[in-house]
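> predicted model follows, preceded by the sequence.
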Amino acid sequence: MPPVLCGFAPRLLLLCFLAAAGLRAQPLDTNFTPNTSAEVFALAAQPDGKILAGGNFTTMGGVARAYIARLNADGSVDASFNPGASTSVQSLAIQPDGKIVAGGSFTTMANVTRVRLARLNPDGTLDPTFTAGADAAVFALAVQPDGKIIVGGLFAFVNDVPRNLLARVNSNGTLDTAFAPVFTGTTVGAQARIDAVAVQRDGKIVVGGNFGQINGTARSGLARLNADGTLDTTFPVGTGANSNVFAIVIQPDEKILIGGTFTTFAGQPRRSIARFSPTGVLDNVGTIGPGATVRGILLLPDGSFIAGGTFNTVGSVARNRLARFRADGSFDPAFDPDVTGAVGQSSPGVYAMVSPGPDQVVFGGAFSAVSGQPRSGLARLGTPLPLITRQPADLAAFAGASVTLSVASNVTTGAQYQWRRNGTPVAGATAATLTLGNFQAAEAGAYTVAITNAFGTTTSTPATLTLGAAPNAATLALAAGPTQQHAQAGARATLTASASGTGVTYQWRKDGVPLAAATTATYTIPAATGADMGYYTIVVSSGGSSIESAEAILTVATPGVEGRLINVSTRGFVPAGGSLTPGFVLSGGGTKRLLVRGVGPTLARFGLAGALADPRLELVPLGSLAPLASNDDWVASAALSSTSTAVGAFALDAASRDSALLTDLPAAGT
């Protein structure tokens with residue numbers, strides 16, 4: 001009895017994906033969807049988990065962002081960060097003080113003249129003390145431990161002083177006049193350029209790109225400089241690369257990984273990736289490598305690494321634009337995110353990668369789908385760290401009272417909890433709530449809870465639990481807490497609660513944060529907006545004791561904004577000659593456009609065995625035998641493809657025997 005899937009549900013698909021993947025430790029993060037309008041060329045991760053992105057885009061996550069943006073750890077666009085550039089941002093670097101250096105083709109940043117180089121404060125405002133500039137595009141940046149910044153690109157002048165392809169600026173943006181290596185010639189073609197720079201622990205600088213000589217000495221596509229800019233002759237590269245070097249990574253053991261378009265290095269076959277000892281000796285990495293350009297390399301904690309680029313094979317194995325290699329350089333076939341499609345004007349590919357947290361990989365480029373799911377220019381592999389949606393509240397209680405502290409997070413399964421008092425684990429306190437049934441003075445203190453999933457731990461803010469002495473606190477009780485509310489935009493919304501006790505005080509909280517002046521049993525929002533949506537609780541207190549209610553959600557509907565129900569699915573078993581009959585009801589005004597799919601063969605892509613080989617789909621009104629529409633063996637069309645993309649449906653395999661239909665139905669009916 002093979003199964004058939006109608007429609008699409010991310011959760012169901014993810015389960016199928018994981019079942020098929022086995023060793024694929026980094027599945028597509030279905031909650032991370034900050035789609036961009038065009039290519040992403042540069043990424044950088046802040047210590048707080050926020051992600052900086054630069055590229056050709058003008059929107060991200062549906063929000064206007066001109067060529068540079070910052071994402072929160074959950075993938076939402078950081079509303080507080082919006083400097084805006086005049087055109088493409090192609091390189092990013094973060095200083096130890098949190099300031100952000102950007103390079104590219106732009107001539108203004110934050111509406112102020114900044115020619116291809118700019119520095120931003122951590123809040124996204126322009127740093128007026130940094131006024132360095134270049135006469136052509138900046139493709140590569142690296143911040144030295146002393147705060148100086150290595151700059152590489154297409155330029156011939158920096159700060160109006162001749163500097164051919166590579167320069168170093170001081171932390172205040174002035175040119176380091178003592179650093180002046182001269183790059184000449186090319187590896188291939190006519191356009192010399194620097195595409196990658198990396199700084200070793202000893203201060204030496206590894207440079208990659210399209211060049212033929214440095215200071216008159218042959219170095220084809222790759223070289224290492226001493227800290228003063230002179231050529232490091234202890235790093236010989238022979239005849240070098242036969243084409244561009246686009247990526248450089250320094251491993252902890254000081255080996256040097258590179259990626260690019262080359263097919264040989266120093267006369268040895270090396271396809272798009274290669275690795276050297278600190279003295280320039282090639283190892284076997286790249287003898288079997290990607291079949292086309294590698295634009296980025298991300299080193300993982302276990303010594304393995306991911307290569308991203310425009311390739312679609314590794315050796316003879318199909319692998320679209322992302323591939324993983326073990327620490328010894330051998331290809332890891334278990335990793336296959338399958339990055340496809342294109343966005344923007346560049347060749348389809350992955351151009352930048354960063355790891356903002358344990359087992360997380362964020363990558364950007366010019367693609368439109370990952371693992372069959374729509375992802376425009378940005379995607380994340382791996383489950384993010386737990387996100388706390390409601391912090392535990394400060395409470396006071398009298399001796400002998402029952403006290404409950406609680407936390408809420410976005411982790412629904414597989415989470416581990418550990419409460420701590422003043423930093424010390426509380427024995428047995430391993431759930432989302434902590435109840436102290438006979439509270440005593442010795443249990444007062446600052447309580448935190450650590451929430452752990454397979455990818456790391458997030459710790460709550462401290463909640464202070466104090467002892468109250470008033471005897472009348474024993475009478476405190478929460479008679480009724482707030483209940484779920486729904487309001488139209490602009491209408492009044494009211495949350496209420498009631499409590500018994502002497503001298504009861506009230507404090508309303510939204511998403512765990514106390515609301516100013518919300519200190520009565522009733523909380524009223526005169527004209528609700530989307531910003532008022534959230535989870536509300538009330539803390540009632542009396543005589544030194546406090547109780548927090550369960551949370552109640554407030555939702556707000558905006559008139560004139562069309563609501564859609566998308567990605568509804570069901571899976572069932574179909575006996576030979578039998579059928580599966582899911583039903584639905586339409587209501588409201590206006591014609592409804594509906595995409596219905598009966599998916600069988602394409603499910604094999606996600607590892608679901610025994611799928612229906614040739615499903616036939618019929619759309620039949622209740623009480624009728626005649627179908628309104630039917631399909632057997634779908635045929636691609638512009639309308640079907642665009643609608644599938646709009647609602648987030650995974651792509652069906654070309655010429656498969658899956659079924660799909662797109663139809664307009666009347667305003668209401670079964």
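Great, that's in hand. A quick note: this is a predicted structure, and the numbers were derived from the prediction, not measured.
> which residues in this protein form helices?
Remark: helices assigned in the chain by DSSP state H are 10-21, 638-646.
> verify the contact between residue 258 and residue 245 for me.
Yes - Residue 258 lies in contact with residue 245 (Cβ atoms under 8 Å); the separation is 5.3 Å. From N, CA and C alone the C-beta is placed, and that goes for glycine too.
> next, show the common contact partners of these two.
196, 208, 222 (Cβ atoms under 8 Å, 6 or more residues apart in numbering).
> which of those fall in strands?
Within the shared contacts of residue 258 and residue 245, residues falling in strands by DSSP state E are 196, 208, 222.
> ok, so of those residues, who is nearest residue 70?
Proximity of these to residue 70 (Cβ to Cβ) peaks at residue 196, which lies at 23.3 Å.
> quick one: contacts for the closest one?
Going by Cβ under 8 Å, 6+ apart, residue 196 touches 139-140, 152, 207-209, 245-248, 258.
> same thing but 7 Å
Going by Cβ atoms under 7 Å, 6 or more residues apart in numbering, residue 196 touches 140, 208-209, 245-248.
> same question, residue 388
Going by Cβ under 7 Å, 6+ apart, residue 388 touches 407, 409, 451, 458, 460.
> and the helices of the chain, which one is worst for confidence?
Set side by side, the helices of the chain differ in mean pLDDT, and helix 10-21 is lowest with a mean of 22.
> residue 314 pairs with what?
Counting by DSSP bridges, residue 314 is bridged to residue 290, residue 317.
> give me the neighbour count for it.
Using other Cβ atoms under 10 Å, residue 314 has 22 neighbouring residues.
> so it touches residue 290, yeah?
Yes - with contacts counted by Cβ atoms under 7 Å, residue 314 reaches residue 290, the gap being 5.3 Å.
> if I look at the two, which residues touch both of them?
With Cβ under 7 Å, 6+ apart as the test, residue 314 and residue 290 both reach residue 323.
> before we move on, back to that, need the contacts of residue 388 in a markdown table with pLDDT and distance to residue 518, can you?
Formatted as a markdown table, the contacts of residue 388 follow (pLDDT from 0 to 100; distance: Cβ to Cβ, whole Å):
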| residue | pLDDT | distance to residue 518 |
| --- | --- | --- |
| 407 | 88 | 21 |
| 409 | 80 | 24 |
| 451 | 89 | 27 |
| 458 | 81 | 27 |
| 460 | 89 | 22 |
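> closest one to residue 583 out of the residues you listed, please.
Closest to residue 583 out of these is residue 409 (35.1 Å), distances taken as Cβ to Cβ.
> quick one: residues contacting that closest one.
Contacts of residue 409 were listed using Cβ under 7 Å, 6+ apart, and they are 386-389, 415, 451.
> in those residues, find the pair that's most separated.
Maximum distance among those (Cβ to Cβ): 12.6 Å, for 389 and 415.
> does residue 313 touch residue 288 like I think?
No - taking contacts as Cβ under 7 Å, residue 313 lies outside contact range of residue 288: 10.4 Å.
> more neighbours, those two?
residue 288 (18 against 15).
> burial check on the residue nearest to the more buried one when sequence neighbours are not counted, number of neighbours?
Using Cβ to Cβ, 6 or more residues apart in numbering and skipping the chain neighbours, the partner closest in space to residue 288 is residue 315 (4.4 Å). Number of residues near residue 315 (other Cβ under 10 Å) recorded here: 13.
> repeat for the one 3 residues further on
The criterion is other Cβ under 10 Å. On that basis, residue 318 has 10 neighbouring residues.
> ok, it to residue 343 distance?
21 Å (Cβ to Cβ, to the nearest Å).
> now do residue 525
As judged by Cβ to Cβ, residue 525 and residue 343 stand 40 Å apart.
> who's more crowded, the two?
Of the pair residue 525 and residue 343, residue 343 is the one with more neighbours under other Cβ under 10 Å, namely 24 against 17.
> residue contacts, that one?
Counted by Cβ under 7 Å, 6+ apart, residue 343 has contacts 36, 38-39, 366-368, 376-377.
> turn those residues into CSV, columns for pLDDT.
Formatted as CSV, those follow (pLDDT from 0 to 100):
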residue, pLDDT
36, 96
38, 96
39, 96
366, 97
367, 96
368, 95
376, 96
377, 96
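> closest one to residue 442 out of the residues you listed, please.
Taking Cβ to Cβ as the measure, residue 442 lies nearest residue 36 of the contacts of residue 343, at 54.4 Å.
> what sits against the closest one?
Here residue 36 is in contact with 55, 57, 59-60, 343, 376-378 (Cβ under 7 Å, 6+ apart).
> by pLDDT, give me the weakest of those.
Pick the lowest pLDDT in the contacts of residue 36 and you get residue 343, at 93.
> what mean pLDDT does stretch 177-186 get?
95.
> to clarify, my last question referred to stretch 521-535.
In this model, stretch 521-535 has an average pLDDT of 89.
> can you give me the buried ones in it?
Going by neighbour count (16 or more other Cβ atoms under 10 Å), the buried part of stretch 521-535 is 523, 525, 528, 532-535.
> what does stretch 494-505 give?
Residues 495, 497, 499, 501, 504 are the ones in stretch 494-505 that count as buried (16+ other Cβ under 10 Å).
> same check on stretch 72-81?
Using 16+ other Cβ under 10 Å as the test for burial, stretch 72-81 gives 72-73, 75, 77-78, 81.
> let me have those residues in a markdown table, extended by pLDDT and distance to residue 479.
Output for those, formatted as a markdown table (pLDDT from 0 to 100; distance: Cβ to Cβ, whole Å):
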| residue | pLDDT | distance to residue 479 |
| --- | --- | --- |
| 72 | 90 | 38 |
| 73 | 83 | 39 |
| 75 | 88 | 40 |
| 77 | 95 | 42 |
| 78 | 94 | 41 |
| 81 | 96 | 45 |
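> for the residue nearest to the spatial centre of the chain, give the beta-bridge partners.
Residue closest to the average C-alpha location in the chain (Cα atoms, centre = their mean): residue 380, at 4.4 Å. Following DSSP bridges, residue 380 is listed with bridge partners residue 362.
> now do residue 466
If you apply DSSP bridges, the partners that residue 466 bridges to are residue 396.
> surely it is in contact with residue 444?
Yes - counting by Cβ under 7 Å, residue 466 touches residue 444, with 5.5 Å between them.
> low-confidence ranges, the stretch 301-450 of the chain, go.
Filtered on pLDDT under 70, the stretch 301-450 of the chain yields the residue ranges 358-359, 383-385, 410-414.
> could you redo the last one with a cut-off of 50?
Nowhere does the stretch 301-450 of the chain drop to pLDDT under 50.
> where does the stretch 551-670 of the chain have low pLDDT?
670.
> ok, now with 80
By pLDDT under 80, the low-scoring segments of the stretch 551-670 of the chain are 557-593, 604-610, 622-626, 636-651, 654-655, 665-670.
> check contacts around residue 430.
Residue 430 neighbours (Cβ under 7 Å, 6+ apart): 416-418.
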